[in-house]
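**Q** How does the following fold in three dimensions:
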Amino acid sequence: MGQLDVRQSPLEKYRNIGIMAHIDAGKTTTTERILFYTGISHRLGEVHDGTATMDWMEQEQERGITITSAATTCFWRDHRINIIDTPGHVDFTIEVERSLRVLDGVVALFCAVGGVEPQSETVWRQAVKYQIPRIAFVNKMDRIGADFDRVVTMMHKRLGACPLVLQLPIGEEDNFTGVVDLIAEQAIIFDQCSLGTEYEVRAVPEGMISQVAEYREKLMENLADLDDDFALRYLEDEEISEAEIKSLIRRVTLASEATPVLCGSSFKNTGVQPLLDGIVDYLPSPVEVKETNAIEVESGLPVTIMVSDETQPTALVFKILTDPHVGQLAFIRLYSGVVETGMQLYNSSRKCYERVGRLLKMHANKREEVKKIYAGDIVAVVGLKTATTGDTLCLKENPVLLESMEVPEPVIGVAIEPLSQSDHERLSQALERLAAEDPTFKVSIDEESGQTIISGMGELHLEIIVDRLAREFKVNANVGKPQVAYRETITTSTNCEGRFIRQDGGRHQYGHVELRLEPISSDQDLEFVDKIQADELPQEFIAPVKLGLEEAMLAGPLAGYPMVGIKVDLNGGSWHETDSNELAFKLAASIGFNEGVKLSVPTILEPIMEVEVVVPSDFLGDVMGDLNARRGRIQGVESRRGEMQVISAFVPLAEMFGYATEVRSRSQGRATFTMQFSCYEPVSQEIVRKRIEYTTL
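**A** Residues are numbered from 1 along each chain as shown. Alright, predicted model coming up:
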């Protein structure tokens, strides 16, 4: 057990980074190599045989995928590197989102064969949203079909990135043996007998001298485009040192103006140490990242959090995890100040106090207990009773709220029924814990049938939830067929009014509103615009009107699905001095809205998925025909090096259940696919009729 009373590493030597990419690009394998070469682990764990340190859940080891973000710490060149290995599967995208929220830098992994794949684009967009500096690592250079230049071109075209190629691969596929450092103009050859721990720096191979010169020239030109002073010195043929080149690369990387590109093969133990050098050289410390903004609770004014041990503690809870040994763990990023065990913190999101029981530095599912943590640290806390994902911890004297996270809505649900009374009691407790861990997992009760409905981001997401219920919580339950999360909206604009007039005992109630309904983007829920003149309705009736509209949107007129994509203007109304109250106006708004929706040609919306299928050429026609039969819209087919074809399509989620089995059977097990939510779109009148019939059964 560690007892840290003083800061071990200066804040400038911290690197809080995430490793993220498309599924099966090699994130976990790369992290395993980093742990091995930094001396944290003394043997190489492998994903394919279930021994990876970072994939510690049974479900991860069986499936060979990462499900939950795992945190660990290692040291390289006197720098402390806190690493979060994130999932690549789109069903667990919230794990990436919440990790990015607290990280300072990202290593974006790309498969040298697959290139920029759909989930690569998704996590790249997430990193852009949080303005996080990135370096790229083109992995799997030893694989058949590896093409470094193609990946760099795809980064530029698909991601809009400005790639700075800092290395070239030596050899391809089976002949890949090392990399050429374009800055130092040296070759690095890795020794496989020592599992890559030993490597030799040599002169550039004879056959690559002209290629290296060409790529180094291109690198210098790219840097000149990004910095005027550098351009002047470069054009005047002035001597520019390696340190100066690295300094400029660091500067443009931190400003997110460019992305350094390295290459290697983690599985073949090649290129990982230069990647560690790149993390230290080009990714930011906590003091170099963009300012952390917060809101003062009392004044509502924006405030900047200074990254320092001297300021008051401010931390963000970014993940909740149930540990079988110590109970609930809350993962936090400490942005400022110092926190000790036993300290009382204020949860400004929940408006309550929390006591810090124990502080644990995590290494996957292993832990080291410490007494004190400092600004920049990412740790797990035991003892927080009410904290959930996105909560801010600070001091009561000067409470602030950090920016929380956007959580996507679930697109698929299933009914779940416990098999016995004892299972029933355990089920509700287990679902409560799982919902606390995962913000994209929702539990609800169907009012008509009384069934418990669990909702998530995809079939795999719910499959893992059900598996965990049985294994971790010992709950036996029957699970129904997946149900799509449909929505309803309107297609035309209309003016309407709602009146609520009632005599309740001896007392009258009166509310009257005039509304205009308009369809807007289905990405939005309700857009409410108050256009009332100051003297037309008292201000205290406006909020109840909005509340009445929100409640009315919970169930649409066609099949009772929640409504989205509606703008409501409150254009007028009337009131009575003694008979009008908040309830009357809330009910008047609901009545008017429901009447207006019927006149606005309502329709049902269904979730549309962006699907990408990688299939051998021999089976292309069959797979495309099947996608068309599933109401899919083919966007294009791209040839990949070798015999593989990539089909891009938009397909309704309702048609994609069981597709994994179907596409394998149509391609002799050789095709793979990924899908992610794209948008909601109206369904045909035939499907509207079927959904209405289904919900009225």
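
**Q** Every contact and neighbour count from this point should use C-alpha atoms.
**A** OK.

**Q** what about the longest strand in the chain?
**A** Using DSSP state E to define each element, the chain has its longest strand at strand 602-616.

**Q** Tell me the helix or strand right after the lowest-mean-pLDDT helix or strand in the chain.
**A** Ranked by mean pLDDT, DSSP states H and E, the weakest helix or strand in the chain is helix 58-63, scoring a mean of 42. Using DSSP states H and E, the helix or strand that directly follows helix 58-63 along the chain is strand 70-76.

**Q** and the helix or strand following that following strand, which residues are buried?
**A** Helices and strands here follow DSSP H and E; after strand 70-76, the next one along the chain is strand 79-85. Buried residues in strand 79-85, counted by 16 or more other Cα atoms under 10 Å: H79, R80, I81, N82, I83, I84, D85.

**Q** quick one: average pLDDT of the longest strand of the chain?
**A** In this model, strand 602-616 has a mean pLDDT of 90.

**Q** Can you list the helices and strands that the helix or strand following it packs against?
**A** Note on strand 602-616: by DSSP H and E, the next helix or strand toward the C-terminus is helix 620-629. Counting contacts by 3 or more Cα pairs under 8 Å, 6 or more residues apart in numbering; DSSP states H and E, helix 620-629 packs against strand 633-639, strand 644-652, helix 659-666.

**Q** how does it look with 10 Å?
**A** The criterion is 3 or more Cα pairs under 10 Å, 6 or more residues apart in numbering; DSSP states H and E, and the helices and strands that helix 620-629 contacts are strand 602-616, strand 633-639, strand 644-652, helix 659-666.

**Q** show me where pLDDT drops low in the stretch 301-450 of the chain?
**A** Applying pLDDT under 70 to the stretch 301-450 of the chain flags residues 323-324, 363-366, 447-449.

**Q** Strands along that one, start to end?
**A** 302-305, 314-323, 327-336, 338-340, 344-347, 352-355, 358-363, 366-370, 372-374, 378-382, 392-394, 400-402, 412-418, 442-445 (DSSP state E, counting those that start in this stretch).

**Q** For E655, find the nearest of these.
**A** Closest to E655 of the strands of the stretch 301-450 of the chain, according to Cα to Cα: strand 412-418, at 12.3 Å.

**Q** so what strands line up beside that closest one?
**A** Sheet partners assigned to strand 412-418 using DSSP bridges are listed as strand 452-456 (antiparallel), strand 477-479 (antiparallel), strand 483-484 (antiparallel).

**Q** any idea how far that strand is from the chain center?
**A** On the basis of Cα atoms, centre = their mean, to the nearest Å, the separation between the geometric centre of strand 412-418 and that of its chain is 24 Å.

**Q** Export it to PDB, keeping only CA atoms.
**A** Output in PDB follows, covering the C-alpha atoms of strand 412-418 (Å, rounded to 0.1, in the frame of the first residue of the first chain):
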ATOM      1  CA  ILE A 412     -33.400  -0.400 -28.300                       C
ATOM      2  CA  GLY A 413     -35.300  -2.000 -25.400                       C
ATOM      3  CA  VAL A 414     -36.300  -5.400 -24.200                       C
ATOM      4  CA  ALA A 415     -38.800  -6.600 -21.600                       C
ATOM      5  CA  ILE A 416     -37.200  -8.600 -18.600                       C
ATOM      6  CA  GLU A 417     -39.000 -10.800 -16.100                       C
ATOM      7  CA  PRO A 418     -37.500 -12.400 -13.000                       C
END
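
**Q** State the distance from V407 to A315.
**A** 19 Å (Cα to Cα, to the nearest Å).

**Q** Of the two, give the one with the bigger neighbour count.
**A** The neighbour comparison of V407 against A315 (other Cα atoms under 10 Å) goes to A315, with 28 against 14.

**Q** Tell me what the more buried one is bridged to.
**A** Going by DSSP bridges, A315 forms beta bridges with L334, L393.

**Q** Use 39 as the first number from now on
**A** Sure thing, new numbering starts at 39, so read that last one as A353.

**Q** Do I have it right that it meets P437?
**A** No. Using Cα atoms under 10 Å, A353 makes no contact with P437, being 11.4 Å away.

**Q** Pick out the residue nearest the middle of this protein.
**A** What sits nearest the mean C-alpha location of the chain, by Cα atoms, centre = their mean, is E135, with 2.7 Å.

**Q** Which is the succeeding secondary structure element to the helix or strand hosting that one?
**A** Following DSSP H and E, one finds E135 within helix 131-140. Using DSSP H and E, the helix or strand that follows helix 131-140 in sequence is strand 143-149.

**Q** For that following strand, what is the distance to the chain centroid?
**A** Worked out by Cα atoms, centre = their mean, strand 143-149 lies 14 Å from the chain centre.

**Q** what does stretch 383-403 give?
**A** 22 Å.

**Q** Name the residues of it that are buried.
**A** 383-387, 391-394, 396-402.

**Q** same question, stretch 352-365
**A** So, applying 16+ other Cα under 10 Å, buried residues of stretch 352-365: T352, A353, L354, V355, F356, K357, I358, L359.

**Q** do the same with stretch 692-701
**A** Buried residues in stretch 692-701 (16+ other Cα under 10 Å): A692, E693, M694, F695, V701.

**Q** sorry, back to before: make JSON lines out of the buried residues of stretch 352-365 and add distance to G659.
**A** Compiled in JSON lines, the buried residues of stretch 352-365 are given as follows (distance: Cα to Cα, whole Å):
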{"residue": "T352", "distance to G659": "57"}
{"residue": "A353", "distance to G659": "53"}
{"residue": "L354", "distance to G659": "50"}
{"residue": "V355", "distance to G659": "49"}
{"residue": "F356", "distance to G659": "45"}
{"residue": "K357", "distance to G659": "44"}
{"residue": "I358", "distance to G659": "46"}
{"residue": "L359", "distance to G659": "45"}
